[in-house]
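# With the input below, show me the fold.
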Amino acid sequence: MDCCIEDLTKKEVIDAKTGCRMGFVCDVEVDTCTGCVKAIIVWGKSRCFGIFGRNGDLRIPWQDVTVVGDDTVLVCTDACFPPPKQRGKFFDDFFRR
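The predicted structure is shown next:
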């Protein structure tokens with residue numbers, strides 16, 4: 001199956017080990033010397049319905065991609081989302097009241 005990068009960015013990423021939905025491909029990392037895809041990037045999870053932005057993005061190496069289907073990309077990876085950023089002291093004091 002042939003697939004261009006634009007089509008790849010519309011696909012949902014699912015972890016084949018756990019069956020968890022990881023999100024959608026938002027970007028692709030390409031080695032410009034060889035023209036090979038190095039990794040896919042999945043958007044970080046939104047915080048509070050996106051009002052407070054997103055957590056860090058997830059980089060999945062191309063070697064971990066198992067199957068690229070019509071609607072989904074199956075990956076077998078140990079990569080996980082980075083931990084959420086710690087809130088500042090202001091928010092801790094505000095929510096303790």
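
# So which residues make contact with stretch 22-40?
5, 8-15, 41-45, 57-62, 65, 73, 75 (CB atoms under 8 Å, 6 or more residues apart in numbering). (Glycine included, C-beta is placed from N, CA and C.)

# mind running it again at 6 Å?
Under the contact criterion CB atoms under 6 Å, 6 or more residues apart in numbering, stretch 22-40 has outside partners 5, 8-9, 11-13, 15, 41-43, 59-62.

# Out of those, which sit inside helices?
Using DSSP state H, 5, 8 are the members of those that sit in helices.

# how about the contacts of stretch 22-40, which pair is most distant?
5 and 15 (21.8 Å; CB to CB).

# the more surrounded of these two?
residue 15 (19 against 12; other CB atoms under 10 Å).

# Which residues are in contact with the more buried one?
Residue 15 neighbours (CB under 6 Å, 6+ apart): 22, 75.

# again with residue 75
13, 15, 60, 64-65.

# and residue 39, how many neighbours does it have?
19.

# who's it bridged to?
residue 29, residue 61 (DSSP bridges).

# Mind pulling up the pLDDT for it?
Here the pLDDT value assigned to residue 39 is 92.

# Could you find the closest non-adjacent residue to residue 20?
residue 14 (7.0 Å; CB to CB, 6 or more residues apart in numbering).

# Surely that neighbour and residue 69 touch.
No. Assessed by CB atoms under 6 Å, residue 14 is found out of contact with residue 69, at 9.5 Å.

# For residue 65, see how far away residue 35 is.
Separation of residue 35 from residue 65 (CB to CB, to the nearest Å): 17 Å.
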